[in-house]
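>>> My questions are about this predicted structure, shown below with the sequence.
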Amino acid sequence: MTDGYQVIENHNGHIMMTKVTGSGCSPTAITAACLAVETNNLAASAHAMALIGIAGDIATQHAKGPGSLQMALLDTLYLLNEDQIINHANIQLKEEL
Ligand SMILES: Nc1ncnc2c1ncn2[C@@H]1O[C@H](COP(=O)(O)OP(=O)(O)OP(=O)(O)O)[C@@H](O)[C@H]1O
Ligand SMILES: Cc1ncsc1CCO
């Protein structure tokens, strides 16, 4: 992700999330929530995408396929806690443009 000045790489998330409708648009609401509490737009956006990715990483461990992933993703997002975020977050500031 970039704001044109910095690039943040996000390694959270699982390719199976692309088979779950809503896993793409729900992070827009999470982004709005992060922007409400963080003035750095890139940081807020990157953290939002990390959150849905972390939920996807955890949910995928409990899913047999896209159907159970959809339920697991919602449940994981609902229950997501600070320890899970700290333990699973995998985003890095890569470069200054
Ligand atoms: N290669 C990947 N690895 C990990 N996560 C991914 C990958 N590709 C997409 N995602 C994640 O999967 C989710 C859905 O992405 P996708 O590109 O399918 O969005 P979309 O088409 O807008 O989804 P929707 O079906 O909700 O309209 C997003 O949270 C995205 O970050
Ligand atoms: C299918 C659908 N309808 C409204 S939002 C949405 C998913 C967008 O990702």
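That came in fine, so what should we check first? Ligands and ions are numbered 1, 2, ... in the order given.

>>> count of neighbours near the residue in the chain that ligand 2 sits nearest to?
For the chain, the residue closest to ligand 2 is residue 25, as judged by C-beta to the nearest ligand atom, at 3.0 Å. Bear in mind the C-beta positions are built from the backbone N, C-alpha and C, glycine included. Here the count is done by other C-beta atoms under 10 Å, and residue 25 has 8 residues near it.

>>> begin at 47 from here
OK, 47 is where the count begins now, so the last one is residue 71.

>>> Please see if the helix or strand that contains residue 121 touches ligand 2.
Taking DSSP states H and E as the criterion, residue 121 maps to helix 112-125. No: using C-beta under 6 Å from any ligand atom, helix 112-125 stays clear of ligand 2, with a minimum separation of 11.7 Å.

>>> show me what contacts residue 79?
Residue 79 sits next to residue 94 when contact means C-beta atoms under 8 Å, 6 or more residues apart in numbering.

>>> Can you tell me the SS state at it?
Three-state call for residue 79 (DSSP: H, G, I helix; E, B strand; the rest coil): helix.

>>> Can you tell me the centre-most residue of the protein?
Centroid-nearest residue in the chain: residue 98, 2.6 Å away (criterion: C-alpha atoms, centre = their mean).

>>> re earlier: quick one: mean pLDDT for the helix or strand following the helix holding residue 121?
Downstream of helix 112-125, the next assigned helix or strand under DSSP H and E is helix 128-134. Regarding helix 128-134, the rounded mean pLDDT is 97.

>>> For helix 128-134, list every residue counted as buried.
Within helix 128-134, the residues scored as buried using 16 or more other C-beta atoms under 10 Å are 130, 134.

>>> can you check stretch 79-91 too?
80-81, 88-91.

>>> From the residues you listed, pick the one nearest ligand 1.
Taking those together and measuring to ligand 1 by C-beta to the nearest ligand atom, the closest member is residue 91, at 11.6 Å.

>>> Wondering if the helix or strand encompassing the closest one reaches ligand 2 at all.
Applying DSSP H and E as the criterion places residue 91 in helix 87-106. No: legend: contact between helix 87-106 and ligand 2 by C-beta under 6 Å from any ligand atom is lacking; minimum distance shown is 11.3 Å.
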